[in-house]
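Novice: Everything below, folded, please.
(chains A and B)
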Amino acid sequence: MCGTPNKMESVFCLSCGARLVPLTVAPAEEKPPPVAPPIKGLSLPARESPGELPAEWQKIEPEPTDQKKDDATWLDQLRNTPPEENEPVEAEDVPTWLKSVEPTSDAKAPVQEELPPSTEIPEWLQAIRPAELPAEEPAAEMVDDSQIPDWLRTATEEKEPPVAQETAALVKEPVSETPIETESAQPVAQEPAVTPTTEEEMPAWLSELKPAQEQTAEPVPAEDTSSAEPLLESLEAKTSAKPHADEVEQPAWARPQPSTSSAESDEDIPDWLRTLPSSNEIGAEPSELLLGAEAVPELQPALPEEVPDWLASLKPATQLVEDDSLEITGPLEGLRGVLPLALAVTEPHPPAKTAPAPAKNDGGQLFESILAAPRIETETPAVTIKRRTWSMRPFVYLLIALAALVPFFLPSDWIGASLPISNTPASKFYDAILALPVNSTVLVSFDYDASQSGEMDLQANAILHHLIQRRTKIITISTLETGAPIANRVLGNVTQNLNGYAYGTNYVNLGYLPGHEAGLAQLATNGFAPNLRDFAGSPFSNLTGFTGVKTLRDVAMIVELAGSEDTLKQWMEQVQPKVPTKIVAGVSASVEPKARAYYDTPSKQLTEMVSGVYGAAQYEILSNQPGVALSSINAQGIVQLTLIVVIVLGNIAFFISRGRKQNA
Amino acid sequence: MRVIPAAIAIAVGIVTLLTIFFPLPLLKDLHDYFIESTIILTAFALLLGLGNLVLVHFLRIVRRNEPGTGYSIIVLVSAAIVFAIGLIFNLSDAPMMWVFNNVYLPLQSAFFALTAFFLATAAYRALRARSIETLLMLIAALIVFIGQTPLLTSVSNDLVLLKDWVLKVPSEAGVRGILLGVALGTIATGLRLLAGVDRPYSE
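Specialist: Below is the predicted model of the structure:
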């Protein structure tokens, strides 16, 4: 079982075809199948043209449903007939395969009943029905005696029951057979109604089936088989592998039932059996079938009610649709047998089989086609090996290092002796300090960081030395947080081993002045605060050497030691406009271009200026204090020369490389 | 609520500005008071910067997954040690000065000294005559270099005069232009602050 849900009425699975309804004998009283509502809309059968019905359907007339309910199938009637009316069939005579399908309850032999009048032919039967029933002609005239087999001939000589009754009797037995067994039933039906004469004539296979007890059933009187001879011949042709009936002795159950009268025997033959397909519709059918059909003019197509249920169950699922499912609306109006919309829609449909992948079907052909395709050359990225490029940076670093270190091992002032002294900014600065009155107070602002102390300390030492030589009072201050300890360090170095130059009397360190511009603005406006404390924490007002110094106007000169342009700018913007005191500056070499804007002015915002180690060295020479600046100028000079050489070499290399590129 | 900071900033700015033009006693007193308040806030800003530094490095240590966590530990330990020494001793005392003179000062000086090598390589790569502008800059740089080199200036004094001219005329002109532009921008920024257009304090 595939597990696909099916309708309740379905006998076979629509997807896999497995049987859903077990093989059981249908009860006598069977409910008629429900009437399917008329189909509207979609339906499966196709027509040649809309509005035109096939020829075989034109004769179909709608059948009232009520009539069908009342009518029972002729097979059911036969089945329900009491067994005493029929020849008793002993159990031992029944083959095992037939025993398994016999009804468990009322195992009655099929009863020959009158066939109900056929009102409607099922579609699947109509398909094999000829368009026009041939005229009733005696088929016996068309039968050639030479074509009749001997066994049949002998059988006809005897009193044989009608073939239709025989076949009907044979057909009645297997009530519920599988569709596959229809062919197997044919051999049963195909066995002619020949009375076996002796038991020795019975074939071995049939004798094995025959029980120990000899069946004493009377042979069924054979009916008139003259009209059934072609049918028998056709049936024989189909089962050529089966032993002929004349060679074996048929058991009693296989023997045809005797009929009371010929009229009754004719009526016992089902209409569907009387109807034979035409040669046009069934091309492979032998001509005997036509003869047989024509020889039995009284055969009528079986009505749907006459078709036994077990036989109707053999019909494919698509053909199990009720005949009264007539389209009454839509383009398929008048058509029968179309699938109901619900059936078509609600029935689970097997999954659509997708086309198999080309790879599966090609079996490698796809791969071969790819290989055979022209190769598309793609640019593969070339594998580049990164090589270490030669760089000038380490060479430049080495040169600078050697230029800075080697002069320290040379005589100290071999370059300093050639320094220009006169008419230099350093000399003007020196002269400005010389012009200070004795015991004047000078404010020195240490506005440079520890990173710039290597350059600015040289200027600070030289200037402070000169101020000390001039016996001026020195007040140090700083607008930077790290300026106060720097000032403390420089003062300690300068005033070391000085006699008569004490702290608090001759010099003081006021420490950090917070607020940057605001602090300078307040200093310039209000002077030193009354609660101002020095770097050690002592009140400035308590210092005896600076009791008269209250504001910046009380100082003779302001020396701004600027390591950056911001501090110099603050002093120039906040202090210089408000205080008439001279402001001189010792600046770093990087600040000199910006400091010149305040220096080279007619108003002389910046009175004098000393820049860098060069100016410190000049000042040391002027103040006759050779120090670190003078020894540092040697290294600075050589480093500057090295840089000039490096710049020139770099330009030469640039021009050479550019020339090569242009030539390339 | 957003109007109050703007109102305070505008009022203080206007009072300070008017004090320059109208040195009235009331305005002067207010001006002095505002200046002193600024100085106090600047001092507290140092403490705020220290707290932010400690917090940033502390969080980096707590996360553990960020690079440089070890350096953060060193920063916090060093700050704690110096802070403790400053609290225990005075700034002018020997321990504090020892830390400053033997730790902070040499490290700062050495770091600044490395810039000489970087400047040398930068001069080797940047000072190349790729165009007219770079050629002029190269020539000016070489003149200033040569004019400040004692070995070369001893040869001729004209190099010194040429150097002075370069520093005094073209260089000074550009510096003055920059200073004037900065001053005008400062005035415009001040006016925007006084007008309440820019509110950097309210963000």
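Novice: Would you tell me which helix is longest in chain B?
Specialist: Ranked by number of residues, the top helix in chain B under DSSP state H is helix B:25-63.
Novice: any idea of the mean pLDDT for that helix?
Specialist: For helix B:25-63, the mean pLDDT works out to 91.
Novice: can you check stretch A:483-492 too?
Specialist: pLDDT averaged over stretch A:483-492 gives 93.
Novice: go on, stretch A:327-337?
Specialist: The average pLDDT for stretch A:327-337 rounds to 79.
Novice: cool, and stretch A:434-445?
Specialist: Stretch A:434-445 comes out at a mean pLDDT of 92.
Novice: now what about that stretch, what contacts it?
Specialist: With contacts defined as Cβ atoms under 8 Å, 6 or more residues apart in numbering or on different chains, stretch A:434-445 is touched by A:460, A:463-464, A:467, A:470-479, A:483, A:487, A:546, A:549, A:552, A:554-561, A:567, A:571, A:581. Quick note: C-beta positions are derived from backbone N, CA and C, even for glycine.
Novice: Quick one, which of these are buried?
Specialist: A:460, A:463-464, A:467, A:470, A:472-479, A:483, A:487, A:546, A:549, A:552, A:554-561, A:567, A:571, A:581 (16 or more other Cβ atoms under 10 Å in any protein chain shown).
Novice: Check the gap between residue A:460 and residue A:488 for me.
Specialist: 12 Å (Cβ to Cβ, to the nearest Å).
Novice: same question, residue B:9
Specialist: Counting by Cβ to Cβ - residue B:9 and residue A:488 are separated by 38 Å.
Novice: and if you look at residue A:625?
Specialist: Residue A:625 sits 21 Å away from residue A:488 when distances are taken as Cβ to Cβ.
Novice: Could you check which of these two has the larger neighbour count?
Specialist: residue A:488 (24 against 15; other Cβ atoms under 10 Å in any protein chain shown).
Novice: Name the helix or strand for that one, please.
Specialist: Take DSSP states H and E as the rule and residue A:488 turns out to sit in helix A:483-494.
Novice: so what does the helix or strand following that helix touch, helix or strand wise?
Specialist: Downstream of helix A:483-494, the first helix or strand assigned by DSSP H and E is strand A:507-512. On a contact count with 3 or more Cβ pairs under 8 Å, 6 or more residues apart in numbering or on different chains; DSSP states H and E, strand A:507-512 meets strand A:473-478, helix A:483-494.
Novice: Just the C-alpha atoms of strand A:507-512, please, in PDB.
Specialist: This file holds the C-alpha atoms of strand A:507-512, laid out as PDB (Å, rounded to 0.1, in the frame of the first residue of the first chain):
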ATOM      1  CA  TYR A 507      64.700  83.700  42.800                       C
ATOM      2  CA  VAL A 508      61.300  81.900  43.300                       C
ATOM      3  CA  ASN A 509      59.400  79.300  41.500                       C
ATOM      4  CA  LEU A 510      55.700  80.100  41.500                       C
ATOM      5  CA  GLY A 511      54.800  76.800  39.900                       C
ATOM      6  CA  TYR A 512      51.800  76.100  37.600                       C
END
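Novice: which outside residues touch it?
Specialist: Strand A:507-512 is contacted by residues A:473-481, A:483-484, A:487-488, A:491, A:495, A:501, A:528, A:532-536, A:540, A:543, A:545-546, B:91 when judged by Cβ under 8 Å, 6+ apart.
Novice: pull the helix or strand with minimum mean pLDDT from chain B.
Specialist: In chain B, the helix or strand scored least confidently by mean pLDDT, DSSP states H and E is helix B:150-153, which has a mean of 78.
Novice: quick one: buried residues of whichever helix or strand comes after it?
Specialist: Using DSSP H and E, the helix or strand that follows helix B:150-153 towards the C-terminus is helix B:158-166. For helix B:158-166, the neighbour count (16+ other Cβ under 10 Å) marks B:159, B:160, B:163, B:166 as buried.
Novice: so how far is helix B:158-166 from its chain's centroid?
Specialist: 30 Å (Cα atoms, centre = their mean, to the nearest Å).
Novice: so where do the helices sit in chain B?
Specialist: With DSSP H as the criterion, chain B has helices spanning B:3-21, B:25-63, B:69-88, B:94-99, B:105-113, B:115-126, B:132-148, B:150-153, B:158-166, B:172-195.
Novice: Determine the set of other helices and strands touching the shortest one.
Specialist: Read it as helix B:150-153. Identification of packing neighbours for helix B:150-153 by 3+ Cβ pairs under 8 Å, 6+ apart yields helix A:628-663, helix B:132-148, helix B:158-166.
Novice: Save these as CSV, and put in distance to residue A:617 too.
Specialist: Converted to CSV, those look like this (distance: least, Cβ to Cβ, whole Å):
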stretch, distance to residue A:617
helix A:628-663, 4
helix B:132-148, 11
helix B:158-166, 15
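Novice: could I get these as CSV with distance to residue B:77 and mean pLDDT?
Specialist: Output for the helices and strands packed on helix B:150-153, formatted as CSV (distance: least, Cβ to Cβ, whole Å; pLDDT from 0 to 100):
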stretch, distance to residue B:77, mean pLDDT
helix A:628-663, 34, 86
helix B:132-148, 44, 88
helix B:158-166, 49, 88
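Novice: Find me the pLDDT at residue 194, would you?
Specialist: Chain wasn't specified; assuming chain A. 44.
Novice: let's do chain B instead
Specialist: Per-residue pLDDT puts residue B:194 at 89.
Novice: Over to the one 4 residues further on?
Specialist: In this model, residue B:198 is scored at 81, pLDDT.
Novice: separation between the residue nearest to it when sequence neighbours are not counted and residue A:561?
Specialist: Distances taken as Cβ to Cβ, 6 or more residues apart in numbering or on different chains place residue B:192 nearest to residue B:198, at 4.4 Å, with adjacent residues excluded. Using Cβ to Cβ, residue B:192 is found at 35 Å from residue A:561.
Novice: same check, this time on residue A:550
Specialist: Per Cβ to Cβ, residue A:550 is found 23 Å from residue A:561.
Novice: and what of residue A:480?
Specialist: Residue A:480 is 11 Å from residue A:561, where distance means Cβ to Cβ.
Novice: Overlap in contacts, these two.
Specialist: Counting by Cβ under 8 Å, 6+ apart, the residues touching both residue A:480 and residue A:561 are A:446, A:447, A:448.
Novice: Can you flag the buried ones in these?
Specialist: Looks like these have A:446, A:447, A:448 buried, using 16+ other Cβ under 10 Å.
Novice: Contact partners for the closest residue to the last one other than its chain neighbours?
Specialist: Okay, so that is residue A:448. In space, and not counting its chain neighbours, residue A:448 is closest to residue A:563: 2.7 Å by Cβ to Cβ, 6+ apart. By Cβ under 8 Å, 6+ apart, residue A:563 lies in contact with A:447, A:448, A:449, A:452, A:455, A:456, A:587, A:588, A:591.
Novice: what's the spacing between the third one and residue A:491?
Specialist: The gap separating residue A:449 from residue A:491 is 17 Å, by Cβ to Cβ.
Novice: And the fifth one, by the same measure?
Specialist: Distance check for residue A:455 against residue A:491: by Cβ to Cβ, it reads 18 Å.
Novice: Quick check on these two: which one has the bigger neighbour count.
Specialist: Taking neighbours as other Cβ under 10 Å, residue A:455 and residue A:491 compare with residue A:455 leading, 25 against 22.
Novice: a helix runs through that one, doesn't it?
Specialist: Yes: assessed with DSSP: H, G, I helix; E, B strand; the rest coil, residue A:455 lies in a helix.
Novice: Now that we're looking at it, what pLDDT does it have?
Specialist: At residue A:455, the pLDDT value in this model is 92.
Novice: Might one say that it is in contact with residue A:588?
Specialist: Yes: the criterion here is Cβ atoms under 8 Å, and residue A:455 meets it with residue A:588 at 5.7 Å.
Novice: Overlap in contacts, those two.
Specialist: With Cβ under 8 Å, 6+ apart as the test, residue A:455 and residue A:588 both reach A:563, A:612.
Novice: Could you single out the nearest of the buried residues of helix B:158-166 to chain A?
Specialist: Nearest to chain A among these is residue B:160, at 6.6 Å by Cβ to the nearest Cβ.
Novice: Distance check, that closest one against residue A:595.
Specialist: With Cβ to Cβ as the criterion, residue B:160 and residue A:595 are 18 Å apart.
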